[in-house]
Each structure stands twice: as C-alpha cells, then as structure tokens.
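# please work out how this folds:
(chains A, B, C and D)
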Number of protein chains: 2
Amino acid sequence: MRTPFRQPQASVTVDCVVFGSDEEGLKVLLIERGVAPFKGAWALPGGFVRENESLDEAARRELREETGATSVYLEQLYTFGEPLRDPRGRVVTVAYYALVKLSDHRVLQATTDARAAAWMPIGKLPRLAFDHRQIFDSALRRLQAKVRYQPIGFELLPRTFTLSQLQRLYETVLERTLDKRNFRKKILAMALLIETDRMERFVSHRAARLYRFDQRKYKALESKGFNFEL
Amino acid sequence: MRTPFRQPQASVTVDCVVFGSDEEGLKVLLIERGVAPFKGAWALPGGFVRENESLDEAARRELREETGATSVYLEQLYTFGEPLRDPRGRVVTVAYYALVKLSDHRVLQATTDARAAAWMPIGKLPRLAFDHRQIFDSALRRLQAKVRYQPIGFELLPRTFTLSQLQRLYETVLERTLDKRNFRKKILAMALLIETDRMERFVSHRAARLYRFDQRKYKALESKGFNFEL
DNA sequence: GCAAAAGTGTTAACTTTACACCCATGT
DNA sequence: ACATGGGTGTAAAGTTAACACTTTTGC
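Sure, this is the predicted structure:
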C-alpha cells in the first residue's frame, strides 16, 4: 500500500465468519493454519488487504479463494485492533460475516486446495487462533439479532425450500422453538414467499410444498418502509 | 507501530461522530481543518491510532482532546477503507459515534484549543472533508436504529430531565411526533425512571417533574433478558 | 397399518393507537 | 386573565400466543 507520510503503520487484514446451514444445524467454515503463528490451529478464513483493494473487495476475494462461492451475503461486522492481538506486529483486522448456501455443493469443493478446511458445528468449535473466538462470538450475536428483522435467513437455504426447513433454520439460529401454525401464518402474511408448483421428493412422509423468497418484492416493499420482522 | 513483517501497510485513524442535543435539536461536533488536505474544510474529529493503543483507546483519547469530555457513550460504528479515500496514502479509518451531554458545559470549553470547533445542527451541515459525509450518514442511521431498542437517549440529556424533554429528544432523533400520553405511559411502565423530588424552575408555565434514568436497574434487568424498546 | 412430518383456525391475552380536558405557573 | 406547557384515562383496533387434529406419503 502507498504510505507516503510519517504516521504509525499497521497491516490490515480481513477475517470472515462464514456461516452455512445443513440438516445438522449451523456451521462455520474454519481453516487449519499451515504457518506460524498458531501453526496447526484452526482459524477464520482471511488475509491481508492488498494495496488497491477496498475492504469489501478483500473480504469477497478471500471468500472466493476459500469457498469458491461468489454470490454470498457479506456484511462488515466489527474491527478488532488490540495492539497485541497478532504476535507478528500491529495487525488491525476488519471482520466480516457471510452467509452461504451449503446446498450449493460448489462451496465445499474449492475449500480443499492445500490447507485443511472444515465446516464445524457452531456448538463445538475447537480452540481458535488469535482473537478469532471473540470475532466468531460477535458474528453469531449479530446474526441472531439481524435474522429477526431482516430476511437474511434465506441466504442460508437452497433457492427453494419448505416452510419447515425455514422454521428449523430460525429455531436453530435463535436457539428456541417456534409454534408451527403461528410461524406459517406470520411468514405467509408478509406475502414474500412465492409458492412454487414443486414438492419435496424422496421423503417417507407427506411431501411439503416448496417456496421461493421473492427478493424483488422485498426490495420494493423495503424501499417503501416495510419492515421484515421475525 | 511495530510492523516487523512484509505485508502491505496502511495508516489507521479513528474518526468520531459526536452527537449532542440542546433546545435547538441534534448537533454534531465538527472541526475546521488547519492543514492540507482539505485545509479550511470541516471534518469529523479524529486522528491516527498510536503504536500501543487499541482502537477504542484512540477514539476515547481523540474525544477527550477535542471535547474535554471523559465519560461519554462511545461505540464503534464502521470501518471505511476505500483505497483513495485519503489523498495522502492508504488510510483506513475506524469510525465511532459518541453521545455527549451538551448540558455539561465542560464539553464546549475545551473544543476551542487552536482549531475552530463547532456544534452544527445535523440538518444543515457544511461540505465535509474526505468521506466524512458518508461516515456521518452511517452514524445518524445507527443512532436512529439504536435509540429504539437501547436506552441511549439518556446519554444526550442532563442527569435529570423532564418527560417532555425526553419525548422531544426522541421526536428529534426519530424525526416523527409521538403521542404524549402513550409515550409517558410506556416509558413509566418500564419503571426505569426515578422520580426525583425536584421540579423544573424559571419556566412560565406549570413546572414539570424531574426524573433520572436508573442505570443500575437497567443493567440488572438487561442481564435478565429485558429489552428496552422505544 | 403405522410412522413421520405436512397442513390447517379459533380464541383469549396483551399491546398499541387514538383522542381532550383540567392544572399550575409566569407575565 | 391569558398563554404555555404539564399532567392524566379509556376504549377500540390490532397483534401475539396458545393450542390439537386430519392428511399424505413411504415403508
């Protein structure tokens, strides 16, 4: 980066808390570090911001490199800058969190380049490098808060999904059970789900209707002041 | 700062959006720049993060230097890092927003050290240096969102205040009118205001009762899952 | 025919909104 | 005595929460 004037300097990194969801619950993508410091420890995917790159661009690039996923929900979370958070020197990290559709199998493929990568259930994470545990905790809190008033849950589901899948996702993220009838009533009342003519298949019980989230309609309503809530 | 390894370097600054409130409405503290770039333009108070200082410490130091205020509400907002946002080189800024009690006159005194400083009504800000307009806009949106579910409005009022003052503050921040009876009912129902035995004075109408916010009680309730809301 | 999850309405409790007049004080 | 803002209650509308049985499918 250009640093043509005398002021203290630091390195700037981005770290991404990448959430995915499958039948087993919420997971986060971790990378096993191949080099010191914290060699062999698990860490959040991330890396240094390059000279001519914005922070968002850096986060998106890291995400693409680590997961192969290109169109994911990505949002800046918080910036961590304790002087001693990295033993190599002063490193300020801008943390992001991302939501990816684990159902897009592309996501997992690219993660096995050289380093080990794994989707870990958020309930039993290993010890993490640097202050990454703290970063993860912030991200989870943010996700739990945001899911209640922004329709970001859909970013974790396949393009079409059943109402029960959607409800289970909310129950997982919010860590509480929801009433089936009330949940359906409320979510359908928003009229933001498009009922497809397709049904679940290969299930050994009554097949559920598949729905799609109506992004266009949401954008339109949102700009008119509509507020998605729970 | 220590930078003992080969990676791109940047300078890191903190910039603070300092809100205050008086009879005229919401104001923000601006500083007139004495040096290039943007010499003579108005800017948010801020400065470089020092070698052994965390981001929060840097923000608090800047705030103290610019306003003299020490115990203010301070929260990290967002980090801005477009490669060209500062013509001097790569400068990543971690933005904070702060709420100060303008009624504590100490606040204004210290602002007149060498540079011009002014509390400007948020409705008619001058053109700002760098990307500070964008930073201000983010801060205002955050304040408007947060004031609805966290009792931060009290940080802008004197220690004791009337219910009408509180209501006016909310009306100013949220940019809409509120019903007097409903507002009082709701805020008193939370039982977070302590009714003092003191009344307003020197007013040419019936004197209003003064209240204090019960910070202790709020902390206690909050940790039990209580949610302050509007 | 049984196990498993899908789908469907009603009622009571609670919350929110709308609304108007008398009271205390200073000039 | 008047102007100014302080202080107070109720009812209707809307929202949330609690709750149980029938349907469809695969095995």
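
# ranges for the strands of chain A?
For chain A, the strands defined by DSSP state E occupy A:11-22, A:25-32, A:42-43, A:46-48, A:73-80, A:91-99, A:117-121, A:160-161, A:193-199, A:209-213.

# pLDDT averaged over the last one - what is it?
Going back to what we said before, that points to strand A:209-213. Taken as a whole, strand A:209-213 has a mean pLDDT of 98.

# other residues contacting that strand?
Under the criterion Cβ atoms under 8 Å, 6 or more residues apart in numbering or on different chains, residues A:151, A:154, A:159-163, A:166, A:192-196, A:198-200 lie in contact with strand A:209-213. In short, each C-beta sits where N, CA and C put it, glycine included.

# just send the strands of chain A back as JSON lines, with distance to A:Leu128 too.
Output for the strands of chain A, formatted as JSON lines (distance: least, Cβ to Cβ, whole Å):
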{"stretch": "strand A:11-22", "distance to A:Leu128": "10"}
{"stretch": "strand A:25-32", "distance to A:Leu128": "7"}
{"stretch": "strand A:42-43", "distance to A:Leu128": "6"}
{"stretch": "strand A:46-48", "distance to A:Leu128": "12"}
{"stretch": "strand A:73-80", "distance to A:Leu128": "13"}
{"stretch": "strand A:91-99", "distance to A:Leu128": "13"}
{"stretch": "strand A:117-121", "distance to A:Leu128": "10"}
{"stretch": "strand A:160-161", "distance to A:Leu128": "31"}
{"stretch": "strand A:193-199", "distance to A:Leu128": "37"}
{"stretch": "strand A:209-213", "distance to A:Leu128": "32"}
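
# what's the closest of those strands to DNA strand C?
Between DNA strand C and the strands of chain A, the tightest spacing by Cβ to the nearest atom of the strand is seen for strand A:209-213, at 3.4 Å.

# would the closest one count as contacting DNA strand C?
Yes: Strand A:209-213 lies within reach of DNA strand C by Cβ under 7 Å from any atom of the strand, at A:Arg209.

# export that strand as CSV, just CAs?
C-alpha atoms of strand A:209-213 as CSV (Å, rounded to 0.1, in the frame of the first residue of the first chain):
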residue,chain,number,x,y,z
ARG,A,209,-44.7,-27.6,-0.8
LEU,A,210,-41.6,-25.8,-2.0
TYR,A,211,-41.4,-22.0,-1.8
ARG,A,212,-39.0,-19.3,-3.1
PHE,A,213,-38.2,-16.0,-1.4
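
# what comes up buried for that strand?
For strand A:209-213, the neighbour count (16 or more other Cβ atoms under 10 Å in any protein chain shown) marks A:Leu210, A:Tyr211, A:Arg212, A:Phe213 as buried.

# next, the angle strand A:193-199 makes with that strand.
Taking axes from the mean of the first three to the mean of the last three Cα atoms, to 10 degrees, one finds that strand A:209-213 is oriented at 140 degrees with respect to strand A:193-199.

# parallel or antiparallel, which strands does strand A:209-213 pair with?
When pairing is defined by DSSP bridges, strand A:209-213 lines up against strand A:160-161 (antiparallel), strand A:193-199 (antiparallel).
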